[in-house]
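[1] Kindly generate the corresponding structure for this input.
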Amino acid sequence: MAALRRILFVDDEVNVLDGLRVLLRKHRRVWDMEFANGGDQALALLSAQGYDVVVTDLRMPRVDGLTLLKHLRDHHPYTMRIVLSGAPEKSSALAVIPYAHQSLSKPCRLGELEAVLERAFLLGELVADPDVRSVVGRVGELPPLPRTYSQLVKVLDDENSGTADVAAVISSDIAVTAKILQLANSAFFGGGRPVSTVMQAIGMLGIEALKSLTLSTALFNGQGLSPRVRQFAETLHEHSALVASTASDLAPQNDKRDAFAAGMLHDVGRLVLASSMPEEMADQSRASLRVPSMVPKPSGQATALVPARHAKVGAYLLGLWGLPPTVIDAVARHHDPITPMTGPCAAAVMVAEFIVDEVCGDRRPTGTEIEKIRKLTAQYLADKAARAPQEKAL
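    Numbering: from 1, shown residues only. Predicted coordinates for the structure are as follows:
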């Protein structure tokens with residue numbers, strides 16, 4: 001029999017805790033739930049045992065939610081951290097974001113909390129290794145490129161710049177893209193609908209909020225990166241941007257937005273590992289991470305691949321941050337074989353990465369190589385269209 005999932009709910013209002021007990025009673029056979037009356041009681045429970053998930057309010061006397069979240073990140077990084085609270089001021093929300101994986105408004109909609117908890121446990125199955133989960137759990141901010149900060153300041157201060165100009169700067173940086181999407185999918189800033197594009201996120205957050213975010217140096221300036229890791233990150237960003245645009249070209253019309261986001265974020269796990277183990281990851285080329293898989297070449301032939309650890313690490317982080325399931329699935333599977341069950345977004349990212357790797361690998365592509373990528377993309381789409389009637393007949 002599988003072990004029960006352990007959840008700790010923390011709030012200083014007894015009636016809120018009682019309401020959660022009643023609401024979630026039907027899950028008691030699969031969830032081991034405890035209820036702490038305040039942050040100080042939660043710390044006492046945490047000193048004795050660990051939990052898979054902690055759901056906490058923010059405004060509590062003595063030990064508030066932010067203090068508890070910081071304690072969890074430092075001492076229980078494998079625990080998923082969820083905020084269930086009345087909407088705080090945006091300045092307070094920005095202070096919480098580096099420590100909370102997801103946030104829900106109190107009171108939350110019927111079934112919303114349960115859905116978030118179910119997804120949390122599925123993520124735990126995606127990455128079962130507690131050491132890997134601890135590495136990811138400590139991630140508050142990914143290292144953005146230093147140039148992103150100066151470019152954002154410039155474009156936000158330019159009266160002639162529009163939303164598209166801001167989106168272009170953000171979309172060129174894996175770390176900032178991931179963080180902006182995390183914010184837009186949080187209850188503090190979001191509207192309850194999945195957000196998968198930077199343009200949607202900017203519309204949700206607003207330019208003024210972005211200005212405040214840009215001034216948060218912990219989020220945007222990328223200081224402290226060693227030259228080696230900075231070079232690694234530069235190469236990774238260029239590769240991801242090329243995969244993103246190619247994946248968007250390959251995806252069906254309704255999946256182009258998610259395919260672009262997933263292409264941009266498909267290697268975010270490498271950025272996580274580079275931040276945590278820079279010497280180990282900075283030495284690894286893309287070729288060393290790939291072994292033959294079943295990703296179709298544009299010619300219709302196939303090559304075999306083995307799932308890389310960074311794919312699950314990246315998917316786990318994006319799942320913790322509440323990004324849309326289609327994007328998470330594509331990131332998790334981008335080194336898997338394509339099968340009839342593979343979604344169109346994931347398939348587009350798999351093929352896009354294969355094409356980009358075949359043409360230029362880790363190198364910055366020349367104009368000739370970019371044109372070759374476009375031709376191979378068009379050839380793949382043409383071959384796919386030619387095979388469609390036969391596959392439909394089968």
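[2] What residue, apart from its backbone neighbours, is nearest Val54 spatially?
    Leu8 (4.7 Å; C-beta to C-beta, 6 or more residues apart in numbering). From N, CA and C alone the C-beta is placed, and that goes for glycine too.
[3] Which helix or strand contains the most centrally placed residue in the chain?
    When C-alpha atoms, centre = their mean is applied to the chain, the residue found nearest the centroid is Leu318 (2.0 Å). Element membership for Leu318 (DSSP states H and E) is helix 309-320.
[4] buried set for that helix?
    His310, Ala311, Lys312, Val313, Gly314, Ala315, Tyr316, Leu317, Leu318, Gly319, Leu320 (16 or more other C-beta atoms under 10 Å).
[5] domain assignment for the protein?
    5-126, 147-220, 227-393 (automatic domain parsing).
[6] what's the closest of these to Val136?
    domain 227-393 (5.1 Å; C-beta to C-beta).
[7] And the contacts of the helix holding Leu318?
    80, 101-102, 119-120, 122-123, 126-127, 132-133, 135-137, 139, 178, 265-273, 289, 327-329, 331-336 (C-beta atoms under 8 Å, 6 or more residues apart in numbering).
[8] Also stretch 36-55?
    Identification of contacts with stretch 36-55 by C-beta under 8 Å, 6+ apart yields 5-12, 14, 17, 34, 56, 60-65, 67-68, 71-72, 75-76, 78-84, 113, 117, 120-121, 124.
[9] rerun that using 7 Å as the cut-off
    5-10, 12, 14, 17, 34, 60-65, 67-68, 71-72, 76, 79-82, 84, 117, 120-121, 124 (C-beta atoms under 7 Å, 6 or more residues apart in numbering).
[10] in it, what counts as buried?
    So stretch 36-55, judged by 16+ other C-beta under 10 Å, has buried residues 36, 38-43, 45-46, 51-55.
[11] Dump those to JSON lines, plus pLDDT.
    As requested, the buried residues of stretch 36-55 are exported to JSON lines (pLDDT from 0 to 100):
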{"residue": "Ala36", "pLDDT": "94"}
{"residue": "Gly38", "pLDDT": "93"}
{"residue": "Gly39", "pLDDT": "93"}
{"residue": "Asp40", "pLDDT": "94"}
{"residue": "Gln41", "pLDDT": "94"}
{"residue": "Ala42", "pLDDT": "94"}
{"residue": "Leu43", "pLDDT": "95"}
{"residue": "Leu45", "pLDDT": "94"}
{"residue": "Leu46", "pLDDT": "93"}
{"residue": "Tyr51", "pLDDT": "91"}
{"residue": "Asp52", "pLDDT": "89"}
{"residue": "Val53", "pLDDT": "92"}
{"residue": "Val54", "pLDDT": "95"}
{"residue": "Val55", "pLDDT": "94"}
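[12] Let me have these in JSON lines, extended by secondary structure.
    Shown next, in JSON lines, are the buried residues of stretch 36-55 (DSSP: H, G, I helix; E, B strand; the rest coil):
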{"residue": "Ala36", "secondary structure": "strand"}
{"residue": "Gly38", "secondary structure": "coil"}
{"residue": "Gly39", "secondary structure": "helix"}
{"residue": "Asp40", "secondary structure": "helix"}
{"residue": "Gln41", "secondary structure": "helix"}
{"residue": "Ala42", "secondary structure": "helix"}
{"residue": "Leu43", "secondary structure": "helix"}
{"residue": "Leu45", "secondary structure": "helix"}
{"residue": "Leu46", "secondary structure": "helix"}
{"residue": "Tyr51", "secondary structure": "coil"}
{"residue": "Asp52", "secondary structure": "coil"}
{"residue": "Val53", "secondary structure": "strand"}
{"residue": "Val54", "secondary structure": "strand"}
{"residue": "Val55", "secondary structure": "strand"}
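[13] Among the residues you listed, which one lies nearest to Gly203?
    Once C-beta to C-beta is applied, the member of the buried residues of stretch 36-55 that ends up nearest Gly203 is Val55, at 28.8 Å.
[14] What distance do you get for that closest one to Val327?
    Between Val55 and Val327 the distance is 24 Å, computed by C-beta to C-beta, to the nearest Å.
[15] Sort out which residues of the one helix or strand Asp131 maps to are buried, please.
    According to DSSP H and E, Asp131 maps onto helix 130-137. Neighbour-count burial for helix 130-137 flags Val132, Arg133, Val135, Val136, Gly137 (criterion: 16+ other C-beta under 10 Å).
[16] Centre of the chain to that helix, how far?
    Remark: helix 130-137 is offset 15 Å from the chain centroid, using C-alpha atoms, centre = their mean, to the nearest Å.
[17] next helix or strand past that helix?
    With secondary structure assigned by DSSP H and E, helix 130-137 is succeeded by helix 146-157.
[18] helices or strands next to the helix or strand just after that next one in the packing?
    Using DSSP H and E, the helix or strand that follows helix 146-157 towards the C-terminus is helix 163-171. In terms of contacts (3 or more C-beta pairs under 7 Å, 6 or more residues apart in numbering; DSSP states H and E), helix 163-171 is packed against helix 146-157, helix 174-184, helix 198-205.
[19] So which of those helices is nearest Gly367?
    It's helix 146-157; of these, that one is closest to Gly367 (C-beta to C-beta) at 22.3 Å.
[20] list the helices and strands the closest one packs on?
    helix 163-171, helix 207-214, helix 217-220.
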